[in-house]
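Novice: Next one to model:
(one chain, ligands or ions: 1)
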Amino acid sequence: MTDIPPHQCLLIIDFGSQVTRLIARRLRELNVYCEIHPCQNVTMDFVRRLAPRAVILSGGPDSVTRQGSPRAPQGIFGLGVPVLGICYGQQVMMEQLGGRVESGHSSAEFGRARVTPAGATAPILDGWFAGGPEQVWMSHGDHVSRVAPGFEVCATSPNAPCAIIADVSRHFYAVQFHPEVHHTPNGAKLFENFARLAGFTGDWTMSAYRDRAIAAIRQQVGDAKVICGLSGGVDSSVAAVLIHQAIGDRLTCVFVDHGLLRKDEAREVVSMFRDAYNIPLIHADESELFLGALAGVSDPEAKRKTIGRLFIDVFQKHADAIDGAGFLAQGTLYPDVIESVSVSGGPSATIKSHHNVGGLPERMGLTLVEPLRDLFKDEVRALGRELGLPPGFIGRHPFPGPGLAIRCPGEITREKLGILREADAVYIDQIRRHGLYDDIWQAFAALLPVRTVGVMGDGRTYDYACALRAVTSVDGMTADYYPFSHGFLSETATRIINEVRGINRVTYDITSKPPGTIEWE
Ligand code: XMP
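Specialist: The predicted model follows:
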């Protein structure tokens, strides 16, 4: 990467707060490139190589008054770059620079609080306190009771005498609250001021990123060939188009159709890549193989594992036919890469075995190309627009690798999949007609493994029931069900029952995540 000019970088040292990622989100929205690294991995060697223009110390669950609690490398305070401490980050800064932090029940503050100016001002507060006290979000047990030499108190709250403190001459700032969360409505302004003071010029744009990424792909790949597994989702599609712009026909995409796709999906993907982009594409219709192997399988994990295993076999079979391929492209995103500080320290329970191509590169002796690994999902969409992908394609709801198999609880048959495809298509059409598609993170129909009795015309029916699911979410980790109007729901139910043969009952799933998951299996 040496001959590619680097973008300006901000380092976020993560002390394990649940909301550290939001700091990165706020900065990216300001076109500031930043990287999150767990505190235990940040050495001064690493910091010097990264050469950040500024450092942010995140919040975290520990107490700096506890012996052995994490610290920032002392050297970051001697780099001559601005430093912003947030919550635990503020306390760590005071502890390391000669201030004092106290614990105690009376100093705890959780939830909304109001901060008021306390004498000293600082340029990081431009645009703050114009209308009086500011609302902020607090979540702390300890508090700073004495500031370090050089610092002054700029604002206080009822339980945080040092809610905002600053050493303006060194551009060291620290706040007790969380400016990164939405409950601190004016928080973005603090980040904007901080970035300006650190000299960031907003050079993190998707058009600049595209040029850099293309140069980096060319440098990494050289004259070799790349293969890319296309799922039809946004991430792999954007990765493929970007790589194609970098190396042209030395990229071959493999689209494995496992027979579990939505209505018209295979046709749409193939026509976009072959016809619109002219990208070499192997369309592997392997539906017989997958559906054959899934016959009689009803356990959700068994389904997922069968699909994951076959996918790797099939992908490998087709990839082997591409002579000279040395690289495998993947649409890995930044949230998958961020290594969070584990608060519990223990392994998390496996809820579902997610399907991806993990393990493939080692088996095939390929090197990974991951041109999206610095990006958040919304940045991938912006890059997709930059690359000219059709807007309807970029905004598509996520679709899981195991496809309709995990929306059809119980045994899968071609008949059930056909019914599910039609119901899903009517449902999505309804959502689009009502202009709701972009307000919803993900919507789909699931076909229930029960038949129920109904009456249509003068006759008895005995058909399947389906469930409709629609959720709002930020990252798929938690989700709320979407509050459709009763009018919308009844119109959709009527259309599905009238237009889809095999369904005579429609229900709406109002479970949030947790306790539910988004998919049914
Ligand atoms: P759950 O059902 O775990 O889903 O709440 C969270 C998000 O992940 C998607 N999902 C998957 N995506 N392979 C994928 O690529 C999978 O195996 C898989 N399982 C679930 C799901 O659609 C939702 O967006």
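Novice: can you count the residues close to Ser169?
Specialist: Ser169: 7 surrounding residues under other Cβ atoms under 10 Å. Every C-beta, even on glycine, is put in place using the N, C-alpha and C of the backbone.
Novice: Just the pLDDT at Asp223, thanks.
Specialist: If you check Asp223, the pLDDT there is 94.
Novice: For the ligand, see how far away it is.
Specialist: 32 Å (Cβ to the nearest ligand atom, to the nearest Å).
Novice: ok, for that residue, nearest residue in space, not its chain neighbours?
Specialist: Nearest non-adjacent residue to Asp223, counting by Cβ to Cβ, 6 or more residues apart in numbering: Arg250, 7.8 Å away.
Novice: ok now do that neighbour, which residues does it touch?
Specialist: 221, 223-226 (Cβ atoms under 8 Å, 6 or more residues apart in numbering).
Novice: per-residue pLDDT, it?
Specialist: The score at Arg250 is 96. That number is its pLDDT.
Novice: Name the secondary structure element that contains the residue lying closest to Cys34 once chain neighbours are set aside.
Specialist: Computed as Cβ to Cβ, 6+ apart, the closest residue to Cys34 that is not its neighbour in sequence is Leu10, at 4.0 Å. Assignment of secondary structure by DSSP states H and E places Leu10 within strand 9-14.
Novice: Contacts for that strand, please.
Specialist: Residues contacting strand 9-14 (Cβ under 8 Å, 6+ apart): 20, 23-24, 27, 32-39, 42, 47, 50-58, 60, 72, 76, 89, 195, 198, 200, 340-341.
Novice: Which of those residues are buried? Put it as a PyMOL command.
Specialist: Selecting only the buried entries of these in PyMOL, with 16 or more other Cβ atoms under 10 Å as the criterion:
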select buried, resi 20+23+24+27+32+33+34+36+37+38+39+42+47+52+53+54+55+56+57+58+60+72+76+89+195+198+200+341
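Novice: Does Ile227 belong to a helix, a strand or coil?
Specialist: At Ile227 the chain is in strand, as set by DSSP: H, G, I helix; E, B strand; the rest coil.
Novice: what's around it, how many residues?
Specialist: Neighbour count for Ile227, taken as other Cβ under 10 Å: 25.
Novice: and it, how far is that from Glu362?
Specialist: Distance of Ile227 to Glu362, computed by Cβ to Cβ, to the nearest Å: 15 Å.
Novice: Please apply the same query to Asn41.
Specialist: Here Asn41 is placed at a distance of 24 Å from Glu362 (Cβ to Cβ).
Novice: Now for this protein, the helix or strand with the poorest mean pLDDT.
Specialist: helix 360-364 (a mean of 77; mean pLDDT, DSSP states H and E).
Novice: List the buried residues of that one.
Specialist: Using 16+ other Cβ under 10 Å as the test for burial, helix 360-364 gives 360, 364.
Novice: try stretch 185-201
Specialist: By neighbour count with 16+ other Cβ under 10 Å, stretch 185-201 contains the buried residues 187-198, 200.
Novice: likewise stretch 311-318?
Specialist: The neighbour-count check on stretch 311-318 (16+ other Cβ under 10 Å) flags 311-312, 314-315, 318 as buried.
Novice: Determine how far the least confident helix or strand of the chain lies from the middle of the whole chain.
Specialist: 25 Å (Cα atoms, centre = their mean, to the nearest Å).
Novice: Next: stretch 366-384.
Specialist: In this view, stretch 366-384 has its centroid 11 Å away from the chain centroid, taken as Cα atoms, centre = their mean.
Novice: averaged over its residues, what pLDDT does that stretch have?
Specialist: Rounded mean pLDDT across stretch 366-384 is 92.
Novice: before we move on, what about stretch 272-287?
Specialist: Per-residue pLDDT values across stretch 272-287 average out to 92.
Novice: swap in stretch 409-421?
Specialist: 97.
Novice: in the stretch 201-350 of the chain, which segments are predicted with low confidence?
Specialist: 339-350 (pLDDT under 70).
Novice: where do the helices sit along it?
Specialist: For the stretch 201-350 of the chain, applying DSSP state H, counting those that start in this stretch gives helices covering 206-221, 234-247, 265-270, 287-294, 300-320, 334-337.
Novice: In stretch 482-490, which residues have enough neighbours to count as buried?
Specialist: Neighbour count says stretch 482-490 has 482, 484, 488 buried, by 16+ other Cβ under 10 Å.
Novice: now do stretch 60-78
Specialist: Those would be 60, 62, 64, 69-70, 72-73, 76-77, for stretch 60-78 by 16+ other Cβ under 10 Å.
Novice: cool, stretch 425-435 as well?
Specialist: Quick answer for stretch 425-435 (16+ other Cβ under 10 Å): 425-428, 430-431.
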